[in-house]
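# Below: sequence and its predicted model.
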Amino acid sequence: MQKTLEELALLTGGRVSGDASAVITGVASIEDAGQGDITFLADKRLSGFLASTKASAVITGAEAAGGVNQLIVKNPLLAFSAILDVFRPAELPQPGISPKAEIHPGAILGSGVSIQAFAVVEAGAKVGDRVALFPGVYVGKNAGIGDDSVLYPGVAVREECRIGKRVIIHANTVVGSDGFGYVREGAKYIKVPQRGIVRIEDDVEIGACVTVDRAALGETIIGRGTKIDNLVQVAHNVRIGSDTIIVAQAGIAGSTSVGSHVQIGGQVGVVGHIKIGDKVLVGAKSGVVHDVPDVQVLSGIPAIPHAEWLRAQSVYARLPELKKRIQELEEKIEALEKKASAG
Amino acid sequence: MQKTLEELALLTGGRVSGDASAVITGVASIEDAGQGDITFLADKRLSGFLASTKASAVITGAEAAGGVNQLIVKNPLLAFSAILDVFRPAELPQPGISPKAEIHPGAILGSGVSIQAFAVVEAGAKVGDRVALFPGVYVGKNAGIGDDSVLYPGVAVREECRIGKRVIIHANTVVGSDGFGYVREGAKYIKVPQRGIVRIEDDVEIGACVTVDRAALGETIIGRGTKIDNLVQVAHNVRIGSDTIIVAQAGIAGSTSVGSHVQIGGQVGVVGHIKIGDKVLVGAKSGVVHDVPDVQVLSGIPAIPHAEWLRAQSVYARLPELKKRIQELEEKIEALEKKASAG
Amino acid sequence: MQKTLEELALLTGGRVSGDASAVITGVASIEDAGQGDITFLADKRLSGFLASTKASAVITGAEAAGGVNQLIVKNPLLAFSAILDVFRPAELPQPGISPKAEIHPGAILGSGVSIQAFAVVEAGAKVGDRVALFPGVYVGKNAGIGDDSVLYPGVAVREECRIGKRVIIHANTVVGSDGFGYVREGAKYIKVPQRGIVRIEDDVEIGACVTVDRAALGETIIGRGTKIDNLVQVAHNVRIGSDTIIVAQAGIAGSTSVGSHVQIGGQVGVVGHIKIGDKVLVGAKSGVVHDVPDVQVLSGIPAIPHAEWLRAQSVYARLPELKKRIQELEEKIEALEKKASAG
């Protein structure tokens, strides 16, 4: 595979600064790029590499100093993604049904599916066209997997759950495990039946070892286009809007709703039964304990507006100094009071 | 399936306010309930629905305003659970041993087991009566699974570990992985053999993608009736009492003991080699670093008594204001001191 | 199996205090040890057991009071590990390839491998000598597993990833899932192709339900001898040095580099695109947000030098008292000011 820089400019709607006829044969990171590679300035810290890179071209957002050929585009990462897909296209699983898969005769399979060894599709389950089920995937009774979705090894989708189209679920993630619901009777806990489902809408991507619990009644919902990182917990009856980002190891407790275009940082915790609005940003490791209106930025445990948190946090590290200043004030006051009562 | 409200009152030991002959044909959440449904006020925030619900009856703890038929019981959630089990009973796996399971001839299987495709039962393992092993479950050498337990897809129970009766383990959870133990020799870490086991007592439920490490020597123990949510870490030689609740993404470090009737919130961390008493409550995201006597409520990192934490936390957000007040005091004192020395 | 205490002293380079001819037949914890057992004082809290233990010998680092036979060694835990391996040696899986495994004819298998039921080895994958793949392990296309490595049930190693020699990976861990990378185009997120790999060097151990994402380009690297506990997240393009310890539920965000001989506590979060030096210690639950030079000890969210954190933290719990003292100062000042202006 080779392309001229001009051809890549056409592909990405960019323009070339330098030699438009330069031949590009591969893609590499700016540290590793050599002759023939196009690269991308992923991190401003790496701009020192611009002068020294051996790459044949660099994708940038604005013309930069340095003699290297540049492909200047509006959105460099988007252009990089498109070019990477040209030079190193995703290798899709071959269609076909492994004789070592276990498919219930009552399951309904679309066309062009790839169902690999040791995958299980239970009675009444519906697997859409061109779906890939990697080894060891489990699709429970009456569950549904939409067209063009990919479930990596070991993913479990329990009975009745619904997965949309073009959904990607990474290895060993669990969709539809029972919600964590008990009722106390004396000293013991009695399990509350969890009879709802999980519904995952189109174009969602879910990382590895994520857990999404089924609703007690009704649905746990992950909205269209939302992206969830690894090891995230989504409890029963949670509802997440569309195009929301949830970073690794965050957890959303039961019955909470999260809006659209929200970004929840890594290791954040959100308590149950609250409502987070749209376009909210929650800083990593925060703990959200109250409803949050739209378009807020929060940090801290418990989470407060980010600007307030920054101010409080800047004082926090200086607490010992403040304490000392209070002691000094007390001593001075005492001296003044003595003086005053003596005067 | 249909029942009169009176029949449901008999079943749950409750009484009817309204039409006891009302026919109930299903169960739904208060938002979704329609004609024929019985519903339940799960969340006080939803009490607004009482007036407008189309449900044929609502389960409540005390007679509420509104024209809807009510089933009044002592414990509404318990009654709801019982009624849900009537209308939508759990679908148990069919007994039978899949020809696609791998069962060692030296394994011992009880009666009425359901061992599904691609499950593995190793030599010397003992699987009790009516146990369900879903696809891809692994039961290691000499491990034991008590009667009526259910292991969902992908659960791994390593060699020698003991699971009690009526235990539920959700998908992709790991029981009996090696504890995290090393000894330093120069700059390198040498693995400390992990030769103990995990013992899980009766009536425990463990969520999805949970990890419970085997003891170095002896036993890691999860006591009778304890309930563990998703993505929780239980390290080697931890001992957890009975009827304890551990919420998602919490972690208990090695050799710590946790009492009975404890509640550990989500994302809590507990250090190793400490002892947490009975009936302790630990707030979400806290970090417990010392022994805790019985009947304490803790919050914070490090965890302190909850009442103290609330007081400290209420000041925390006002730190910048306090700092400003200290500056003002310093200026006033300086002025007074000047005046005093001038006077 | 039985050994005299003298033989164990020879094995571990220690010396005996007491009866060197005492016969040892087993190993047990100090609480559980009986006649014939050798034990080990794992925790200073247990030193009370020294007088009362029924063990035939105790491994110690220095001669201790009490009549029990002692094996005195430089590194008691190391000696204990060696002795435990004598009395209860690890049971290695039997070599052999299960007819129920799925091995692509284009895979390359070393000698003495143990490939168990329902394991999958894809085309071009290379499995080294004496490797054990437990049931349900997935080794993707062109992936490589070095000699003597052990992958427990349900581990997934995605295509092209490289695992070194003597690596241990516990059950249901995922190596090589896609990194969490998207580029925004209008309101939607477009997936950035993740075409790099994961490289895990020799002698690494990784716990259960860990996620290690493949690089976008290039490699995510886990260095020689590093040990990773359960439920840890390692994001794309992270580089971890050698002999580093990462405790359970910690997370390292994308493109961050972590040095060698580092210790990262449980539930720690490290932001992306930073550099942590060698020999850094990060306290449990901390959040690291900036570059860290070598040989630092950090705590807190955000993490600050541990000594500063301790000082700030000691004041934190007394914030309500400080606030009260400021109020008192204000009242006194006001009184003095009145007096002064009256005077």
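Nice, I can see it. Being a predicted model, the structure only gives us computed values, none of them experimental. Numbering: from 1, shown residues only, chains lettered A, B, ... in the order given.
# Contacts made by the helix or strand of chain A with the lowest mean pLDDT with the rest, please.
When the helices and strands of chain A are compared on mean pLDDT, DSSP states H and E, helix A:49-52 comes out lowest with a mean of 77. By Cβ atoms under 8 Å, 6 or more residues apart in numbering or on different chains, the residues outside helix A:49-52 that reach it are A:30-31, A:41, A:58, A:64-68. To be clear about C-beta, it is placed using only N, CA and C from the backbone, and glycine gets the same treatment.
# where are the low-confidence patches of the stretch 51-200 of chain A?
Within the stretch 51-200 of chain A, no stretch falls below the threshold (pLDDT under 70).
# Show me which residues of the stretch 201-343 of chain A are close to chain C?
Proximity of the stretch 201-343 of chain A to chain C, by Cβ under 8 Å from any Cβ of the partner chain, involves residues A:203, A:205, A:207-209, A:225, A:227, A:229-231, A:243, A:245, A:247-249, A:261, A:266-267, A:284-285, A:301, A:313, A:316-320, A:322-323, A:326, A:329-330, A:333, A:336-337, A:340, A:343.
# switch the cut-off to 7 Å
Contact residues, the stretch 201-343 of chain A versus chain C (Cβ under 7 Å from any Cβ of the partner chain): A:205, A:207-209, A:225, A:227, A:229-231, A:243, A:248-249, A:261, A:266-267, A:284-285, A:316-317, A:319-320, A:323, A:326, A:329-330, A:333, A:336-337, A:340.
# Buried subset of these, written for ChimeraX?
Entered in ChimeraX, the line below selects the buried ones among these, by 16 or more other Cβ atoms under 10 Å in any protein chain shown:
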select /A:205,207,208,209,225,227,229,230,231,243,248,249,261,266,267,284,285,316,317,319,323,326,329,330,333,336,340
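# Pull out whichever of the residues of the stretch 201-343 of chain A next to chain C are also neighbours of chain B.
Applying Cβ under 7 Å from any Cβ to those, those adjacent to chain B are A:209, A:231, A:249, A:316, A:326, A:329, A:333, A:336.
# quick revisit: how far does the least confident helix or strand of chain A sit from its chain's centre?
Here the centre of helix A:49-52 is set off from its chain's centre by 32 Å, with Cα atoms, centre = their mean, to the nearest Å.
# For it, list the C-alpha coordinates in CSV.
Output of helix A:49-52 as CSV, limited to C-alpha atoms (Å, rounded to 0.1, in the frame of the first residue of the first chain):
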residue,chain,number,x,y,z
PHE,A,49,10.3,15.7,17.6
LEU,A,50,9.0,17.8,14.7
ALA,A,51,12.5,19.0,13.8
SER,A,52,14.2,15.6,14.2
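# Enumerate the positions of that helix that are buried.
A:49-50.
# Likewise for stretch A:173-189?
Under 16+ other Cβ under 10 Å, the buried positions of stretch A:173-189 are A:173-183, A:189.
# near chain B too, which of those residues?
Among these, chain B is touched by A:174, A:177-178, A:180, A:182-183, A:189 when using Cβ under 7 Å from any Cβ.
# and which of those is nearest to C:A123?
Among those, A:V174 lies closest to C:A123 (Cβ to Cβ), at 28.3 Å.
# quick one, phi psi at the closest one?
Per-residue torsions, A:V174: phi -120, psi 120 (degrees, to the nearest 10).
# show me what contacts it?
Contact analysis of A:V174 by Cβ atoms under 7 Å, 6 or more residues apart in numbering or on different chains lists A:156, A:211, B:170-172, B:208-209.
# Go ahead and confirm A:A132 touches A:G110.
No - assessed by Cβ atoms under 7 Å, A:A132 is found out of contact with A:G110, at 11.4 Å.
# Near chain C, which residues of the stretch 1-150 of chain A? Just list them.
So far as Cβ under 7 Å from any Cβ goes, the stretch 1-150 of chain A lies against chain C at A:27-29, A:32, A:43, A:75, A:77-78, A:81, A:84-85, A:88, A:90, A:100, A:117-118, A:135-136.
# how far out from the middle of the chain is whichever helix or strand A:A82 is part of?
In this structure, A:A82 sits in helix A:76-87 according to DSSP states H and E. Distance, stretch centre to chain centre, for helix A:76-87: 20 Å (Cα atoms, centre = their mean).
# which of the residues in that helix are buried?
Across helix A:76-87, burial judged by 16+ other Cβ under 10 Å covers A:76-85, A:87.
# Dump that helix to CSV, restricted to CA.
Extracted in CSV, the C-alpha atoms of helix A:76-87 (Å, rounded to 0.1, in the frame of the first residue of the first chain):
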residue,chain,number,x,y,z
PRO,A,76,-5.6,16.1,12.9
LEU,A,77,-6.7,13.1,15.0
LEU,A,78,-9.7,12.5,12.7
ALA,A,79,-7.4,12.6,9.7
PHE,A,80,-4.9,10.4,11.4
SER,A,81,-7.7,7.8,12.1
ALA,A,82,-8.8,7.8,8.5
ILE,A,83,-5.3,7.4,7.2
LEU,A,84,-4.6,4.6,9.7
ASP,A,85,-7.6,2.8,8.5
VAL,A,86,-6.2,3.0,5.0
PHE,A,87,-2.8,1.7,5.8
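# Name the surrounding residues that touch it.
Here helix A:76-87 has contacts from A:1, A:3, A:8, A:11-12, A:14, A:26-27, A:38, A:40, A:59-61, A:71, A:73, C:183, C:185, C:190, C:192-193, C:195, using Cβ under 7 Å, 6+ apart.
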